[in-house]
Structure formats: C-alpha cells, structure tokens
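In: Below: sequence and its predicted model.
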Amino acid sequence: MLTLTETATTAVKAIISGTPEVEGGGLRIGQGLDENQGFAISVVANPLPGDSTVESDGAKVFLEPTASAVLDDKTLDAQIDNGSVTFALVPQV
C-alpha cells in the first residue's frame, strides 16, 4: 500500500487545512486524462466510491482504483519550497 513520508504528511495536512470547504477531506490521486499523462491530484472532501484511503498522522490520501494498484509499492514524498509543494513518487525501501 502507498505510504507517505513525514514531509508529504505535513504537506497534505497543510493543503487541506488551507482549503476550508473540504475540511476533513484529503488529496485524491487518480489517472490523468490519458495513460501517458501520469496521475492527477485533486483536493476533495470525500473519496469517491471504490477509492481506497491511506492515512498518515491525520493526512488523508484517496486513491482511485487504478492508481491504487499502480502505487501499491510506492511512497509519496514532497518538497516544500516558499509555500509551493512538489510531490514525487519513490519506491518503498
């Protein structure tokens, strides 16, 4: 199952706390518009039917079924720089 680094956990919580209309929600990772585009991330109040949920210290990430299968052996990491967040997927160690 996807895991989150401490930095990714902090970033997800900051994004959700800065978006009051999705209080208690999380980030949703799904397939991009086409298979070559990678993944799409959105801020949502609730998972969609069929989504799996990964939670780390209060940070929630919802995974669309196809993304869940592909990301099963990955770790979500983040880099925070001047208020901007860049996410990266790395192999689990």
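Out: Thanks, I have it. This is a predicted model, so every value here is computed, not measured. Numbering: from 1, shown residues only.
In: Every contact and neighbour count from this point should use C-alpha atoms.
Out: Fine.
In: In this structure, what residue spans correspond to helices?
Out: For the chain, the helices defined by DSSP state H occupy 6-17, 65-70.
In: Below-threshold pLDDT in the chain: ranges please.
Out: 33-37 (pLDDT under 70).
In: can you rerun that using 80?
Out: Across the chain, the ranges flagged by pLDDT under 80 are 32-37.
In: Now the nearest residue to residue 17 once chain neighbours are set aside. Its backbone dihedrals?
Out: Excluding the flanking residues, the one nearest residue 17 by Cα to Cα, 6 or more residues apart in numbering is residue 23, at 6.8 Å. With angles defined as degrees, to the nearest 10, residue 23 sits at phi -50, psi 130.
In: what's near enough to touch residue 23?
Out: Residue 23 is in contact with 16, 17, 45, counting by Cα atoms under 8 Å, 6 or more residues apart in numbering.
In: From those, pick the one nearest residue 73.
Out: residue 16 (24.6 Å; Cα to Cα).
In: Could you report the distance from that closest one to residue 63?
Out: 16 Å (Cα to Cα, to the nearest Å).
In: And those two? Which one has more around it.
Out: Shown here are residue 16 and residue 63; by other Cα atoms under 10 Å, residue 63 has more neighbours (24 against 21).
In: nearest residue to residue 26 other than its sequence neighbours?
Out: Using Cα to Cα, 6+ apart, the closest residue to residue 26 is residue 60 (4.7 Å).
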